[in-house]
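Q: Give me a model of this one.
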Amino acid sequence: MITRFYFAMSDNDMLSKHPYSAKTLNKTFKNWLTSWHYEFPSNFSFKPEVDSLFQDYIWPRFYNQAFFYFDVEHDPWIEPEEPKFVDYVAASYDKLGCIYSWLIESQERYGKLIELYKAEENKWLEKLGSESTTLFNDTPQSGGSVTTSDYITNATTVNTTADVGTPMARVKEVRDNLESLYNSWANEFRKFIIM
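A: Numbers count the residues shown, from 1 in each chain. The predicted structure follows:
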């Protein structure tokens, strides 16, 4: 007889079994993979967007979902013994390798798009308003700052603000697109969840 034991993402006790524990404890995908004793190549690195993906999208959705299972063969009249953590680690190694490969491949696609959206968001945030000072000095200057001259005849400060409706709408659009991009990326992770 075979009894199947399922293991959830949060069953290794790295994080509490709470949907926002990854964010509050500042845990990353690398922390999670390492907690399963997964060994990385020496030149291993994830883009910073992968941490946001893990903390804000993957962990809250899938922390209590099974991502692999372990079959225990036993006699039908004997209660099966639950596998030890080392058994789970060995059994999960192939699955973790697939997750690692997916992260390396997908971070290139999604990471670059997220960087571009963040740059676009910053560009639109800068357009929300501006301030300028205009100084006129009718006397010749031999050097130094115009603002310290006692002979300035006309100094005005002009504050200009554009209609922020359009830039704010663009900022919202960019943020919505970023959210959608992260959601699409997290939905790709669903293929590793078995229940």
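
Q: what pLDDT does the residue positioned nearest the centre of the chain get?
A: Centroid-nearest residue in the chain: residue 52, 1.5 Å away (criterion: CA atoms, centre = their mean). At residue 52, the model reports a pLDDT of 92.

Q: How about the secondary structure of it?
A: helix (DSSP: H, G, I helix; E, B strand; the rest coil).

Q: Not counting its neighbours along the chain, what's nearest it?
A: residue 182 (7.0 Å; CB to CB, 6 or more residues apart in numbering). C-beta coordinates here come from the backbone N, C-alpha and C atoms, glycine included.

Q: What ranges does the chain have for its helices?
A: Under the criterion DSSP state H, helices of the chain are mapped to 21-24, 29-35, 48-53, 59-62, 85-126, 165-189.

Q: got TSV for those helices, with distance to residue 3 too?
A: TSV is the format used below for the helices of the chain (distance: least, CB to CB, whole Å):
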stretch	distance to residue 3
helix 21-24	29
helix 29-35	25
helix 48-53	34
helix 59-62	24
helix 85-126	13
helix 165-189	27
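
Q: which stretch among those helices comes nearest residue 8?
A: helix 59-62 (8.4 Å; CB to CB).

Q: what is the mean pLDDT for that closest one?
A: For helix 59-62, the per-residue pLDDT averages 90.

Q: which helices and strands sit right next to it?
A: helix 21-24 (3 or more CB pairs under 8 Å, 6 or more residues apart in numbering; DSSP states H and E).

Q: The helix it packs on: how far from the chain's middle?
A: 12 Å (CA atoms, centre = their mean, to the nearest Å).

Q: Could you check it and say which residues are buried?
A: 21, 22, 23 (16 or more other CB atoms under 10 Å).

Q: coming back round to it: what is the neighbour count of the residue nearest to residue 52?
A: Neighbourhood size, residue 182 [other CB atoms under 10 Å]: 19.

Q: For residue 116, see how far away it is.
A: 14 Å (CB to CB, to the nearest Å).

Q: what sits up against stretch 5-14?
A: Identification of contacts with stretch 5-14 by CB atoms under 8 Å, 6 or more residues apart in numbering yields 16-17, 27, 31-32, 35-36, 59, 62-72, 82-83, 85, 88, 92, 194-195.

Q: on that earlier part again, from residue 87, how far off is the residue nearest to residue 52?
A: 34 Å.

Q: Now for the closest residue to residue 125 other than its chain neighbours: which residues touch it?
A: If the residues on either side of it in the chain are set aside, residue 125 comes closest to residue 171, at 6.1 Å by CB to CB, 6+ apart. Going by CB under 8 Å, 6+ apart, residue 171 touches 121, 124, 125.

Q: how close does residue 171 get to residue 57?
A: 21 Å.

Q: for residue 185, same thing?
A: 7 Å.

Q: Likewise for residue 32?
A: Residue 32 is 13 Å from residue 57, by CB to CB.

Q: These two - which one has more neighbours?
A: Per other CB under 10 Å, whichever of residue 32 and residue 57 has more neighbours is residue 32, with 22 against 19.
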